[in-house]
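**Q** Got a predicted structure here, sequence first:
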Amino acid sequence: MNNPDPDTIVYSVIYSGRKSLGISIRRDSSIIIRVPYGTPERTILKLVNEKRSWILKHSAWFRDNLAKPVRSFKDGEKHLFRGKYLTLRINESSKQYCLFGDDIIDLGVRSAEKENIRKVLYTGYRIEAMKLFPGMMEDLVLLLRDKGLVPSGLKIKTMKSRWGSCSRSGIITLNSDLARLDDTYIKYVMIHELCHLKHHDHGKGFYLLLSEICPEWKRIKSEMRNFTAL
């Protein structure tokens with residue numbers, strides 16, 4: 001159901017058996033309001049008005065940055081790194097490399113075929129993740145030392161469908177593709193997996209601990225639905 005808002009906010013309402021109200025913004029910048037069955041329209045409108053600034057800010061960001069066509073991996077194309085879109089610069093080279101600058105991603109490739117460029121870029125993300133993630137994880141473990149959340153190991157690899165995982169033995173695995181995202185999302189995934197060291201399921205105890213450490217986790221998780229692997 002689409003509802004025109006006086007200030008151009010257009011959203012869809014999804015009713016379900018949930019207990020709370022929530023807002024999410026999809027990759028195409030469309031706005032979804034999820035509410036319990038029987039929620040009055042005035043309650044929904046109140047939520048939209050209270051969150052107006054947040055909705056406009058984030059829907060505009062998603063519209064400008066995420067509603068993009070399928071990547072062609074060509075020179076001049078924009079690609080995400082650490083939450084910022086950088087311009088791809090492709091150079092013929094006997095040695096393949098990927099260097100991330102302030103405004104560009106400098107790629108050296110032996111072949112300008114799409115899959116080869118994609119492979120070199122993926123490798124670049126993985127190398128950056130291996131440099132970045134251990135230090136970020138160490139800082140979080142130190143910050144949360146009173147919680148006793150200390151993993152037995154850290155692995156970084158490319159995964160197609162998960163941002164991270166935590167094994168029963170305490171080894172945390174992070175998707176190297178997280179290097180594309182802003183630090184807020186990287187830290188959220190790390191905290192999520194650290195919480196699994198104490199609670200291996202997604203039960204009440206897990207969410208209580210996650211909410212204590214990261215009160216904004218629902219918003220962050222909702223935003224992350226708009227990001228997909230390359």
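**A** Great, that's in hand. Residues are numbered from 1 along each chain as shown.

**Q** Where does pLDDT dip in the chain?
**A** 1-8, 27-28, 63-70, 228-230 (pLDDT under 70).

**Q** Looking at it, which strand is longest?
**A** strand 84-92 (DSSP state E).

**Q** Each with direction, which strands does it pair with?
**A** strand 78-81 (antiparallel), strand 104-109 (parallel) (DSSP bridges).

**Q** Identify each of the helices in the protein and give its residue range.
**A** 41-50, 52-65, 114-143, 183-195, 204-213, 217-224 (DSSP state H).

**Q** Nearest to L174 among those would be which one?
**A** Of all the helices of the chain, it is helix 114-143 that lies closest to L174, at 5.6 Å by C-beta to C-beta. No exception for glycine: its C-beta is placed from N, CA and C like everyone else's.

**Q** quick one: buried residues of that closest one?
**A** 117, 119-122, 124-129, 132-133, 136-137, 140-141 (16 or more other C-beta atoms under 10 Å).

**Q** Packing partners of it?
**A** Packing partners of helix 114-143 (3 or more C-beta pairs under 8 Å, 6 or more residues apart in numbering; DSSP states H and E): strand 78-81, strand 97-100, strand 104-109, strand 153-157, strand 171-175, helix 183-195.

**Q** Only the C-alpha atoms, please, for the longest strand of the chain, written as PDB.
**A** Output in PDB follows, covering the C-alpha atoms of strand 84-92 (Å, rounded to 0.1, in the frame of the first residue of the first chain):
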ATOM      1  CA  LYS A  84      33.000   6.000  -0.500                       C
ATOM      2  CA  TYR A  85      32.600   5.600  -4.300                       C
ATOM      3  CA  LEU A  86      35.900   5.800  -6.100                       C
ATOM      4  CA  THR A  87      36.600   6.000  -9.800                       C
ATOM      5  CA  LEU A  88      38.100   2.900 -11.500                       C
ATOM      6  CA  ARG A  89      41.300   3.600 -13.500                       C
ATOM      7  CA  ILE A  90      42.400   0.600 -15.500                       C
ATOM      8  CA  ASN A  91      46.000   0.300 -16.800                       C
ATOM      9  CA  GLU A  92      47.600  -2.400 -19.000                       C
END
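
**Q** Taking helix 114-143 as reference, get the angle to that strand.
**A** 140 degrees (axes from the mean of the first three to the mean of the last three C-alpha atoms, to 10 degrees).

**Q** What lies in contact with strand 84-92?
**A** 65, 73-80, 100-101, 103-110, 112, 117, 121 (C-beta atoms under 8 Å, 6 or more residues apart in numbering).
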